[in-house]
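Undergrad: Coordinates for the following, if possible.
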Amino acid sequence: MPSKVELAKINQCFRKKPEWPVCGNCENFTFDSVITDGCYGEGYIAQKNLRCNIGGFKVGKTDTCKMHRPEGE
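TA: As a prediction, this is how the structure comes out:
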């Protein structure tokens, strides 16, 4: 029996393959912003814990699914 995450991925036709549109510009894409120290003491913002709000699973910015919604629509 597939897990809840596996079922969510199947229902969304989730693919871990870069093709347009991608998760990185979807309104359901969420992440945590973490300030990290740089080499010269300057901080920069890193994106951690990349997730899909629909299925609740971990994604990458270039992953995609059939439920993509462009940001701002």
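
Undergrad: pLDDT averaged over stretch 31-50 - what is it?
TA: On average, the pLDDT along stretch 31-50 is 85.

Undergrad: Any chance you could list what contacts that stretch?
TA: Here stretch 31-50 makes contact (C-beta atoms under 8 Å, 6 or more residues apart in numbering) with C23, F29, T30, R51, K58, V59, G60, K61. Any C-beta I mention is one placed from the backbone N, CA and C, and that applies to glycine too.

Undergrad: For E6, state which of those is nearest.
TA: Closest approach between those and E6, by C-beta to C-beta: K58, at 12.7 Å.

Undergrad: contacting residues around that closest one?
TA: When contacts are counted by C-beta under 8 Å, 6+ apart, K58 is found next to N49, L50, R51.

Undergrad: try K66
TA: So K66 contacts Q12, C13 (C-beta under 8 Å, 6+ apart).
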